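In: The following comprises the amino acid sequence and a computationally predicted model.
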Amino acid sequence: MTAAFTRSIRHIHLLGIAGSAMSSLAGMLKERGYQVTGSDVNVYPPASTLLDSLGIGWNEGYRAENLKPAPDLAVIGNALSRGNPEVEYILDEKIPYGSMAQLIEEYFLPGKTSIVVAGTHGKTTTTAMLAWIFQVAGRRPDFLMGGVAPNFRDRSYGLGGGREFLIEGDEYDTAFFDKAPKFLHYHPDQLILTSLEFDHADIYPDLASIAVQFRRLVNLVPRRGRILCWGESAELESVVAKAFCPVETFGLTPQCDWSAGDVVWQGSATEFRVAYRGKQIARMRIPVPGRHNALDALAATALAYGSGVDCGSIAQALATFQSVRRRLEVKGEGGGVLVVEDFAHHPTAMGLTLEAARTRWPGRKVWAAVEPRSNTMRRKVFEQALPEALGLADAVLFGPVSRAQLLEEGERLSPEAIAQSIRARGRQARAFGSADEIAEHLASNANPGDLVLIMSNGSFDGLTFKLLERLQARAGVRV
């Protein structure tokens with residue numbers, strides 16, 4: 001695609017339109033006046049709700065007929081590959097195509113200050129915090145993130161028309177025809193690096209190979225730019241070592257340039273003092289628990305302050321921040337059992353999420369329901385780390401490995417092996433064959449006052465609804 005070519009485009013068809021980022025892109029294109037269509041499979045909220053609310057037509061399933069009449073441009077999601085009927089038709093008919101990241105690069109970033117948030121954990125929450133800070137400060141940001149933000153009327157994007165474009169930078173590959181990470185298309189003027197751990201075992205063999213891509217991202221930041229880096233990570237310290245722009249660190253220790261001190265955990269809220277190189281800047285309060293959220297808020301504060309946003313606006317925004325959907329999100333209660341969802345799908349994120357849940361709901365028995373769904377969680381990579389990460393749960397219930405048939409047995413995660421390891425540590429743990437079995441077990445065994453924390457980066461085959469239906473039926477409540 002070229003800038004000259006894009007001017008003649010009116011109809012854009014998105015393959016994989018219900019992905020968290022692609023559905024947002026669909027909304028952005030619709031707001032810009034394009035005719036938008038798309039295709040996907042296994043579509044569920046919030047993507048389906050967003051698309052329907054925007055009046056965007058989409059097809060269930062991939063068929064060549066979905067591309068008739070031919071669109072001016074097809075955008076191919078990174079989950080699609082050769083053999084897909086629509087991909088094959090696009091190639092056969094020479095329909096112009098590109099990736100989601102390319103479209104953002106060429107349609108939305110020109111003329112903007114690009115602020116990119118990258119890292120293994122915390123990207124979505126930090127981006128949401130930043131967007132809300134800039135909004136409260138009157139900066140009318142454009143933004144795109146991988147989760148739904150209640151502060152923005154349950155949208156994951158916004159086109160405010162201001163100078164800045166805030167975007168979550170994903171290290172996953174771009175498309176079957178572009179195996180470089182998406183974030184390399186975003187040309188950051190400012191960059192936040194939240195963390196760096198091994199993930200995406202389907203495309204990266206080890207942590208070192210991921211670090212190479214982060215170094216490439218760092219190398220794109222101009223000399224006039226700035227990098228904010230979590231200062232308590234040796235991996236990130238190495239990644240930014242050869243940056244051409246100023247680098248500032250953030251963390252919970254005073255050795256960092258930006259530090260959060262005197263942290264007070266108060267149930268569903270967190271308070272802390274923000275200091276820059278030892279000098280107090282402000283005190284902040286965020287209505288969400290957890291160390292990870294304090295670090296995300298600190299990073300957002302540091303970037304916003306360095307971009308000229310006053311402390312009053314930052315404090316006001318953080319105090320009214322409503323988190324992101326599926327981050328310790330209360331989904332309902334039945335028979336006194338509280339049901340909460342979280343997007344956590346990496347051992348580190350699971351451990352931090354459980355820690356935050358303990359802080360927010362102290363004294364409750366915690367049942368952790370875990371779906372091995374992501375391309376890394378489905379593999380044996382984390383079999384040693386998961387028992388320790390889940391140690392704060394009183395009982396752990398594993399669902400079946402998603403798409404298990406696509407992995408060799410020797411490569412596939414064994415939920416039963418992890419459950420055995422957890423039981424050896426003195427905790428309850430079981431592996432189940434379906435979400436229905438987990439729902440039945442919890443409906444029979446969870447007691448009033450208990451907390452069920454459902455952790456998955458997908459739908460977990462509707463476990464949340466199935467469980468609430470059974471719990472409320474048990475309590476005699478009409479669903």
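Out: That came through fine.

In: Does residue 453 touch residue 354 like I think?
Out: Yes - using Cβ atoms under 8 Å, residue 453 makes contact with residue 354 at a distance of 7.0 Å. All C-beta atoms are positioned from the backbone trio N, CA, C, and that covers glycine.

In: Give me the more crowded residue out of these two.
Out: Between residue 453 and residue 354, counted using other Cβ atoms under 10 Å, the more crowded position is residue 453 (26 against 23).

In: Direction included, what does whatever helix or strand that one lives in pair up with?
Out: Taking DSSP states H and E as the definition, residue 453 sits inside strand 451-455. When pairs are called by DSSP bridges, strand 451-455 turns out to pair with strand 337-342 (parallel), strand 366-370 (parallel).

In: Need the overlap of contacts for residue 453 and residue 354.
Out: Common neighbours of residue 453 and residue 354 are listed as 366, 368, 393 (criterion: Cβ atoms under 8 Å, 6 or more residues apart in numbering).

In: I'd like the next helix or strand past the lengthiest helix in the chain.
Out: Longest helix in the chain by number of residues, with DSSP state H as the criterion: helix 291-306. For helix 291-306, the succeeding helix or strand toward the C-terminus, using DSSP H and E, is helix 311-319.

In: Please identify the buried residues of the helix or strand hosting residue 280?
Out: Here residue 280 sits within strand 279-286, counting by DSSP H and E. Across strand 279-286, burial judged by 16 or more other Cβ atoms under 10 Å covers 281, 282, 284, 286.

In: hang on, the earlier thing: now what about the strand holding residue 453, what contacts it?
Out: Residues from elsewhere that reach strand 451-455 (Cβ under 8 Å, 6+ apart): 331, 337-345, 350, 353-354, 357, 361, 364-371, 393, 442, 446, 460, 463-464, 467.

In: Mind putting the strands paired with strand 451-455 into TSV with mean pLDDT and distance to residue 383?
Out: Formatted as TSV, those follow (pLDDT from 0 to 100; distance: least, Cβ to Cβ, whole Å):
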stretch	mean pLDDT	distance to residue 383
strand 337-342	92	21
strand 366-370	94	13
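
In: and of those, who's closest to residue 294?
Out: Of all these, strand 337-342 sits nearest to residue 294, with 16.9 Å by Cβ to Cβ.

In: With just CA atoms, put the closest one into CSV.
Out: Extracted C-alpha coordinates of strand 337-342, given in CSV (Å, rounded to 0.1, in the frame of the first residue of the first chain):
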residue,chain,number,x,y,z
VAL,A,337,-20.5,-17.0,45.4
LEU,A,338,-18.8,-14.1,43.7
VAL,A,339,-17.7,-14.7,40.0
VAL,A,340,-14.8,-12.6,38.6
GLU,A,341,-13.1,-12.7,35.2
ASP,A,342,-9.6,-11.9,34.3
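
In: does the nearest residue to residue 40 once chain neighbours are set aside count as helix, strand or coil?
Out: The shortest distance from residue 40 to any non-neighbouring residue, by Cβ to Cβ, 6 or more residues apart in numbering, is to residue 18 (4.0 Å). Following DSSP: H, G, I helix; E, B strand; the rest coil, residue 18 is assigned to coil.

In: hang on, residue 18 packs against residue 51?
Out: Yes - counting by Cβ under 8 Å, residue 18 touches residue 51, with 7.0 Å between them.

In: Overlap of the contact sets of these two?
Out: Jointly contacting residue 18 and residue 51 under the rule Cβ under 8 Å, 6+ apart are 38, 58.

In: Give me the contacts around stretch 435-450.
Out: Here stretch 435-450 makes contact (Cβ under 8 Å, 6+ apart) with 335-338, 363-367, 369, 371, 397, 399, 430, 432, 452, 460-463, 466-467, 469-471, 474.

In: Check the offset of that stretch from the chain's centre.
Out: Once both centres are worked out by Cα atoms, centre = their mean, to the nearest Å, stretch 435-450 turns out to sit 27 Å from its chain's centre.

In: Tell me how this structure divides into domains.
Out: 3-100, 109-319, 329-474 (automatic domain parsing).

In: what's the average pLDDT for the second one?
Out: By that I understand domain 109-319. For domain 109-319, mean pLDDT rounds to 92.

In: now swap in the shortest one and tell me
Out: When pLDDT is averaged along domain 3-100, the result is 89.

In: Centre of the chain to that domain, how far?
Out: Worked out by Cα atoms, centre = their mean, domain 3-100 lies 21 Å from the chain centre.

In: The closest residue in space to residue 67 that isn't next to it in sequence: which element?
Out: Of all residues not flanking residue 67 in the chain, residue 89 sits nearest, at 5.5 Å (Cβ to Cβ, 6+ apart). In this structure, residue 89 sits in helix 85-93 according to DSSP H and E.

In: Contacts for that helix, please.
Out: 15, 39, 62-64, 66-67, 70, 74, 76, 80-82, 95, 97, 176.

In: What about those, which are in strands?
Out: Per DSSP state E, strands hold the following members of the contacts of helix 85-93: 15, 39, 74, 76, 97.

In: Please point out which parts of whichever strand or helix holds residue 51 sit buried.
Out: Remark: residue 51 resides in helix 47-53, with elements defined by DSSP H and E. Of all the residues in helix 47-53, those buried under the rule 16+ other Cβ under 10 Å are 47, 48, 50, 51.

In: mind checking how far the second one is from residue 38?
Out: Translated: residue 48. The gap separating residue 48 from residue 38 is 11 Å, by Cβ to Cβ, to the nearest Å.

In: quick one, strands of the stretch 51-200 of the chain?
Out: All strands of the stretch 51-200 of the chain, identified by DSSP state E, counting those that start in this stretch, fall at 57-60, 73-76, 97-98, 113-118, 142-149, 155-159, 164-169, 173-175, 178-181, 190-193.

In: Tell me which of these sits nearest to residue 320.
Out: Proximity to residue 320 (Cβ to Cβ) singles out strand 142-149 among the strands of the stretch 51-200 of the chain, at 12.1 Å.

In: so what strands line up beside the closest one?
Out: Counting by DSSP bridges, strand 142-149 is paired with strand 155-159 (antiparallel), strand 164-169 (parallel).

In: Just name the most buried of these.
Out: Of all the strands paired with strand 142-149, strand 164-169 carries the top mean neighbour count, a mean of 26, counting by mean count of other Cβ atoms under 10 Å.

In: on that earlier part again, from the contacts of strand 451-455, list just the buried residues.
Out: The neighbour count (16+ other Cβ under 10 Å) marks 337-345, 350, 353-354, 357, 361, 364, 366-371, 393, 442, 446, 460, 463-464, 467 as buried among the contacts of strand 451-455.

In: you'd agree residue 295 is up against residue 192?
Out: No - assessed by Cβ under 8 Å, residue 295 is found out of contact with residue 192, at 10.6 Å.

In: If you count surrounding residues, which of the two has more?
Out: Neighbours per residue, other Cβ under 10 Å: of residue 295 and residue 192, the larger number sits with residue 192, 28 against 24.

In: Return the residues in contact with that one.
Out: Contacts of residue 192 by Cβ under 8 Å, 6+ apart are 115, 116, 117, 118, 119, 126, 227, 228, 229, 299, 300, 303.
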